[in-house]
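Participant: sequence? don't have it. structure:
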């Protein structure tokens, strides 16, 4: 199941993709990681999909990553006596804590924390920004507003507060229950919604207790402002363009995406570009040209992964959507301009021995006839550093830990193989050559670059590099030093 591309594909599972045959077809079409959306589906449904993924993993002999996406706190208005009301530009409208049903003049907003954080002049966005309110006067239990952009407001529509850092934890009580449930199931990544500050990430990490890596969703202006600090405490990032496009002017989103992707790459942390990538394929077997261009742009920028949401979870053409992403990725990565763009954006600090080793491995591979870079990685750190280099040759990762292999399935260019542990470098080279031959990365007449850390089985000790021939005598060597 070797992919003929480096960027990874994340596919969300849902009603349209819940059975073994469909999920397996999605994987075979190109999905590398499956997303379980905790906003939809009961725990029983989530557990069933998780079990199917792990069964497919066993059947196909390839590690598959699972990402559980936590819902986060949902801010919504209350209900209206008539079900909905029409708000017109310039009129006054009040939000308060009164539980009475709403009318054309007011409605309940059952979130005291919002009122405590609001200031006059702040904006409130309702129904994905279709309605915009400006706060004129506010107190601890109310906000008197002017309607800036009118429209129909109806029961329980969502509210966004782009101008204010809200005193709300990123994890609701539901999220805490969901987090514990999916960690016990054995997911590999936790996607954290409503992140505003690094402390939100630290809270989730404390609850996860190392059972899953933490991926922060950047969907609020506060998260963009605090991005460097959030990135430092996160294992990965999701650029959630949908919510960003609600809370920020839409023209701001593309340059923000570009900056965030570059910072993630420099930090050697995986980044997913998500939301509305092939949205027309929910109902159509082919995407629009603009959507194809959007996917291609994320790939040219160096994103580790691109994601399908409703396209694969609830759409009529989930497998076709994955195939389309796979086709776009392969075409982009075969373009000479892609290599020029990727190589011109190499950055990040090079301060450690491991940094120097992986940089040297890439240079050797690209200046001589090397077929693959093979790295041994316990925690995944070395593999991520090799991926940051975006080499022209494939990256083969050998790890004795299935959890590490599953988490790395999200990262650019990493092809992971579960390998028994070694305690001698010669044995590591033998195992690397065997894997390169078995996975069809190299032939007997080829050479590979092998990186590892001595002593073995200690994270962060990468300190050795060797160019190894893939000869038959090496594969069957029985005298490791």
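Facilitator: Nice, thanks for sending it over. This one's a predicted model, so the numbers in the text were calculated from it and none came from an experiment.

Participant: all strands for the stretch 201-350 of the chain, in order.
Facilitator: 213-218, 236-240, 271-274, 305-308 (DSSP state E, counting those that start in this stretch).

Participant: so what does the longest one touch, helix or strand wise?
Facilitator: Strand 213-218 makes packing contacts with strand 189-192, helix 198-208, helix 221-225, helix 227-233, strand 236-240 when contacts are defined by 3 or more C-beta pairs under 8 Å, 6 or more residues apart in numbering; DSSP states H and E. In this view, the C-beta of every residue, glycine as well, is placed from N, C-alpha and C.

Participant: Grab the longest helix from the protein for me.
Facilitator: Using DSSP state H, we find that the single longest helix of the chain is helix 43-60.

Participant: Beta-bridge partners for the most centrally placed residue in the chain, please?
Facilitator: The residue lying closest to the centre of the chain (C-alpha atoms, centre = their mean) is residue 272, at 3.7 Å. Counting by DSSP bridges, residue 272 forms beta bridges with residue 238, residue 305.

Participant: and if you look at residue 108?
Facilitator: residue 96.

Participant: May I ask you to confirm that it is in contact with residue 77?
Facilitator: Yes. With contact defined as C-beta atoms under 8 Å, residue 108 reaches residue 77; the gap is 6.7 Å.

Participant: quick one, which of those two is more surrounded?
Facilitator: Set side by side, residue 108 and residue 77 show more neighbours around residue 77, with 22 against 19, by other C-beta atoms under 10 Å.

Participant: Please report how far that one lies from residue 98.
Facilitator: 12 Å (C-beta to C-beta, to the nearest Å).

Participant: Report the set of residues contacting both of the two.
Facilitator: Listed as contacting both residue 77 and residue 98 by C-beta atoms under 8 Å, 6 or more residues apart in numbering are residue 108.

Participant: my read: residue 303 touches residue 269, true?
Facilitator: No. Contact between residue 303 and residue 269 fails when scored by C-beta under 8 Å: they sit 11.9 Å apart.

Participant: Of the two, give the one with the bigger neighbour count.
Facilitator: Set residue 303 next to residue 269 and count neighbours by other C-beta under 10 Å: residue 303 wins out with 27 against 21.

Participant: ok, now which ones touch that one?
Facilitator: 7, 261, 271, 272, 273, 412 are the contacts of residue 303 under C-beta under 8 Å, 6+ apart.

Participant: would CSV of those with distance to residue 308 be doable?
Facilitator: Converted to CSV, those look like this (distance: C-beta to C-beta, whole Å):
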residue, distance to residue 308
7, 13
261, 18
271, 16
272, 11
273, 11
412, 18
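
Participant: export these to a markdown table and tack on pLDDT and distance to residue 326?
Facilitator: Output for the contacts of residue 303, formatted as a markdown table (pLDDT from 0 to 100; distance: C-beta to C-beta, whole Å):
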| residue | pLDDT | distance to residue 326 |
| --- | --- | --- |
| 7 | 98 | 10 |
| 261 | 97 | 20 |
| 271 | 98 | 19 |
| 272 | 98 | 16 |
| 273 | 98 | 16 |
| 412 | 98 | 15 |
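
Participant: with those residues in mind, which one is nearest to residue 124?
Facilitator: residue 273 (27.9 Å; C-beta to C-beta).

Participant: list the contacts for the closest one?
Facilitator: 239, 241, 257, 261, 298, 301, 303, 305, 306, 307.

Participant: Kindly provide the distance from it to residue 117.
Facilitator: In terms of C-beta to C-beta, residue 273 sits 30 Å off from residue 117.

Participant: same thing with residue 424?
Facilitator: 59 Å.

Participant: Also residue 333?
Facilitator: 45 Å.

Participant: Please look at residue 26 and residue 319 and confirm they touch.
Facilitator: Yes. Residue 26 is within contact range of residue 319, at 6.1 Å (criterion: C-beta under 8 Å).

Participant: Which residue of the two possesses the greater neighbour count?
Facilitator: residue 26 (24 against 19).

Participant: May I have the phi/psi pair for the more buried one?
Facilitator: phi -60, psi -40 (degrees, to the nearest 10).

Participant: separation between it and residue 410?
Facilitator: In terms of C-beta to C-beta, residue 26 sits 16 Å off from residue 410.

Participant: swap in residue 466?
Facilitator: From residue 466 to residue 410 the distance is 28 Å (C-beta to C-beta).

Participant: These two: which is more packed in?
Facilitator: residue 410 (24 against 16).

Participant: Correct me if wrong: that one contacts residue 304.
Facilitator: Yes. In this structure residue 410 lies within contact range of residue 304 using C-beta under 8 Å: 6.3 Å.

Participant: tell me, what's touching the two both at once?
Facilitator: With C-beta under 8 Å, 6+ apart as the test, residue 410 and residue 304 both reach 8, 236, 270, 272.

Participant: Not counting its neighbours along the chain, what's nearest residue 461?
Facilitator: Excluding the flanking residues, the one nearest residue 461 by C-beta to C-beta, 6 or more residues apart in numbering is residue 453, at 3.3 Å.

Participant: gap between that neighbour and residue 388?
Facilitator: Look at residue 453 and residue 388: by C-beta to C-beta, they are 17 Å apart.

Participant: could the helices and strands packed on strand 213-218 go into CSV alongside mean pLDDT, distance to residue 40 and mean neighbour count?
Facilitator: Putting the helices and strands packed on strand 213-218 into CSV (pLDDT from 0 to 100; distance: least, C-beta to C-beta, whole Å; neighbours: other C-beta atoms under 10 Å) gives the following:
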stretch, mean pLDDT, distance to residue 40, mean neighbour count
strand 189-192, 98, 14, 28
helix 198-208, 96, 20, 18
helix 221-225, 95, 23, 20
helix 227-233, 98, 26, 17
strand 236-240, 97, 16, 26
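
Participant: These: which one's closest to residue 60?
Facilitator: The nearest among these, by C-beta to C-beta, is strand 189-192 at 20.0 Å.

Participant: Quick one: list the elements packing against that closest one.
Facilitator: Using 3+ C-beta pairs under 8 Å, 6+ apart: strand 189-192 touches strand 65-69, helix 173-185, helix 198-208, strand 213-218.

Participant: Let's see that with 7 Å instead.
Facilitator: The contact analysis (3 or more C-beta pairs under 7 Å, 6 or more residues apart in numbering; DSSP states H and E) places strand 189-192 against strand 65-69, helix 198-208, strand 213-218.

Participant: Please identify which helix or strand holds residue 452.
Facilitator: Residue 452 belongs to strand 447-453 when assigned by DSSP states H and E.

Participant: Give me the distance between the helix or strand following that strand and the centre of its chain.
Facilitator: Downstream of strand 447-453, the first helix or strand assigned by DSSP H and E is strand 462-469. Chain-centre distance of strand 462-469: 31 Å, with C-alpha atoms, centre = their mean, to the nearest Å.

Participant: same check, this time on stretch 443-454
Facilitator: Using C-alpha atoms, centre = their mean, the offset of stretch 443-454 from its chain centre is 30 Å.

Participant: Report the buried residues of it.
Facilitator: 446, 447, 448, 449, 450, 451, 452, 453 (16 or more other C-beta atoms under 10 Å).

Participant: So for stretch 290-310, mean pLDDT?
Facilitator: For stretch 290-310, the mean pLDDT works out to 97.
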